[in-house]
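S.K.: return atomic coordinates for the entry below.
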Amino acid sequence: MSSKGENMVYQSTRGGEENVSPSLAIVQGLAKDGGLFVPQEMPKLEKSLEDYAELSYQDLAYEIMKLYLTDFTEEELRYCINSAYDDKFSTKEIAPVVKKGDSYYLELFHGRTLAFKDMALSILPYLMKVSCKKNQIQEKIVILTATSGDTGKAAMEGFCDVDGCEIIVFYPKDGVSPFQERQMRAQKGENTHVAAILGNFDDAQSGVKKIFSDKAYQEKLLEKGYRLSSANSINIGRLVPQIVYYVYAYCRLQKSGELKAGESLNASVPTGNFGNILAAYCAKGMGLPLGKLLCASNDNKVLTDFFRTGIYDKNRPFHVTTSPSMDILISSNLERLLYFAGENAEECKKLMEELKDKGKYRISEAMEKELKDFYSGYGKEAEGSHSIFQTYKETGYVLDPHTAVAKVVADHYAYEQGRRDKCLVVSTASPYKFSQTVLKALKEPVPQDVFEGIEALEKLWKEPIPAPVKEVEEGEIRHSTVCSVEDMEATVSHFLLS
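M.R.: Numbers count the residues shown, from 1 in each chain. Model prediction:
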């Protein structure tokens with residue numbers, strides 16, 4: 001499909017829906033057959049990287065996103081972009097790239113919740129609002145999402161008090177950092193609802209998917225005037241905005257002379273649900289000169305094993321780590337990659353059924369060959385801590401635990417290759433969100449109180465504490481619901497119907 005003036009349509013990875021408009025795919029979130037929406041063909045970059053390099057983040061976002069969201073008018077799309085990427089971000093660059101030592105760090109944590117999820121979840125409410133209007137949807141949209149730490153707060157921040165929306169977030173009770181939990185429990189907004197579940201993130205994600213697949217329950221909600229949708233990275237409205245920052249980073253490095261025109265740039269991405277690195281894969285498919293995509297896992301290394309063996313097997317111990325947003329054994333967005341690799345909806349459906357029934361699947365040799373863009377690796381807890389310590393010692397730059405894992409895997413890859421290619425390390429969270437873990441890695445005293453830890457880190461690092469941290473510290477605890485995995489549907493009913 002040409003990207004010039006033609007309509008982009010979407011289809012389910014499992015073959016049950018085709019020719020779905022971009023706006024309807026955003027509203028639905030998940031395809032009716034349980035699959036994920038993918039573009040029927042990958043669009044190509046329309047302008048030169050030199051031309052893109054002259055644009056602001058907002059203007060570049062328009063140039064990239066218009067290729068995917070072809071049923072949005074220019075006025076509608078610019079409204080969404082300009083409403084999202086404004087002074088909610090603490091830097092005009094939105095996603096700055098900084099060079100420290102031999103690495104380039106793409107800082108994606110300058111939004112309201114200090115994590116990369118802000119990059120897409122700041123714009124999703126506006127995309128959803130326009131999409132509902134386009135599709136003449138009258139019901140109130142209920143954003144139902146599971147979080148491993150960052151998505152929940154970013155989604156609630158984005159959808160807080162948005163007309164015609166309610167948002168419900170489930171998070172694992174003991175599976176997020178103290179600061180992340182405080183962020184969610186102090187969330188303002190009359191339309192925000194939060195519940196801790198007695199389980200891990202995969203339990204929360206599976207519970208949400210089960211609710212989405214319960215057609216009788218959805219009919220019940222429709223009768224009451226509610227329509228379910230998703231803010232997880234399974235929503236195409238989450239994935240498309242993430243493509244932008246890879247193009248932006250490359251163009252900035254080329255413009256500054258760090259990269260020659262067309263020079264290959266690797267990207268190391270801390271990976272949990274596979275959305276962030278999938279966006280890099282899409283950017284490369286559009287024509288961006290990215291080299292190897294380094295899929296960085298922590299001790300929950302299900303993706304590392306998958307890329308190395310062709311076998312995805314979630315039947316393994318679940319590890320609670322200091323990089324909680326990566327504590328995932330079912331990486332939902334991998335389904336999109338499987339579809340892109342084989343372009344076979346039937347095969348994709350079969351693999352997903354095997355995952356559901358047996359907890360594992362094996363891909364074909366032909367599909368394995370299509371995954372050559374990826375290198376997989378993982379960083380153990382001790383390696384992540386050492387990376388934080390070493391990076392600070394050598395450069396004065398502080399990494400959060402997730403970015404540290406990406407740096408570890410970038411170092412592993414350089415060692416294996418016997419050379420250090422230019423690499424973009426994707427920095428997904430502010431170190432202030434994980435101050436106690438960072439202080440421990442830096443061999444500094446660790447205060448018991450999370451906010452004392454943040455102040456201690458500021459004294460050491462000399463970077464000002466971001467304003468949203470104070471808001472969380474001073475915020476009133478408003479959410480205290482705890483439920484079992486089995487009671488998630490009942491909890492949704494309680495929030496909406498009682």
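S.K.: mind listing what the closest residue to His402 other than its chain neighbours touches?
M.R.: Nearest residue to His402, sequence neighbours excluded (Cβ to Cβ, 6 or more residues apart in numbering): Pro270, at 4.1 Å. Placement of C-beta: from N, CA and C, glycine included. By Cβ atoms under 8 Å, 6 or more residues apart in numbering, Pro270 lies in contact with 276, 296, 323, 325-326, 402-403, 405-406, 426, 428.
S.K.: sort out for me which of these are in helices.
M.R.: Assigned to helices by DSSP state H, the following of the contacts of Pro270 qualify: 276, 402-403, 405-406.
S.K.: reformat those residues as a markdown table; add neighbour count.
M.R.: Below are the ones in helices among the contacts of Pro270 laid out as a markdown table (neighbours: other Cβ atoms under 10 Å):
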| residue | neighbour count |
| --- | --- |
| Asn276 | 27 |
| His402 | 33 |
| Thr403 | 35 |
| Val405 | 33 |
| Ala406 | 35 |
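S.K.: picking that back up, where does confidence bottom out across the contacts of Pro270?
M.R.: Checking pLDDT across those, the minimum falls on Ser325 at 90.
S.K.: which residues touch that one?
M.R.: 115, 148-150, 270, 272, 402, 428-429.
S.K.: and Glu93, by the same measure?
M.R.: Tyr57.
S.K.: distance check, it against Tyr57.
M.R.: 7 Å (Cβ to Cβ, to the nearest Å).
S.K.: Glu455: neighbour count?
M.R.: Number of residues near Glu455 (other Cβ atoms under 10 Å) recorded here: 15.
S.K.: ok, it touching Trp461?
M.R.: No: between Glu455 and Trp461 there is no contact under Cβ atoms under 8 Å: 11.0 Å.
S.K.: phi and psi next, for Arg362.
M.R.: phi -120, psi 130 (degrees, to the nearest 10).
S.K.: what number of residues lie near Val492?
M.R.: Neighbours of Val492 (other Cβ under 10 Å): 25.
S.K.: so what does the strand or helix carrying it touch, helix or strand wise?
M.R.: Per DSSP states H and E: Val492 is located in helix 488-497. Contacts defined by 3 or more Cβ pairs under 8 Å, 6 or more residues apart in numbering; DSSP states H and E place helix 488-497 against strand 140-146, strand 165-172, strand 192-197, helix 201-213, strand 481-483.
S.K.: between the ones you listed, which one is closest to Lys380.
M.R.: helix 201-213 (19.8 Å; Cβ to Cβ).
S.K.: run the angle between that closest one and strand 192-197 for me.
M.R.: Put simply, helix 201-213 runs at 120 degrees to strand 192-197, going by axes from the mean of the first three to the mean of the last three Cα atoms, to 10 degrees.
S.K.: quick check: what element follows helix 201-213 along the chain?
M.R.: helix 215-223.
S.K.: next, the angle from that following helix to helix 201-213.
M.R.: Using the same axes, to 10 degrees: helix 215-223 against helix 201-213 is 70 degrees.
S.K.: what's the spacing between the helix or strand just after helix 215-223 and its chain's center?
M.R.: Downstream of helix 215-223, the first helix or strand assigned by DSSP H and E is strand 226-229. Strand 226-229 sits 21 Å away from the centroid of its parent chain (Cα atoms, centre = their mean, to the nearest Å).
S.K.: please save the CA atoms from strand 226-229 in PDB.
M.R.: Provided in PDB are the C-alpha atoms of strand 226-229 (Å, rounded to 0.1, in the frame of the first residue of the first chain):
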ATOM      1  CA  TYR A 226     -20.600   1.600  28.700                       C
ATOM      2  CA  ARG A 227     -18.200   0.400  25.900                       C
ATOM      3  CA  LEU A 228     -14.900  -1.200  26.800                       C
ATOM      4  CA  SER A 229     -11.600  -0.200  25.200                       C
END
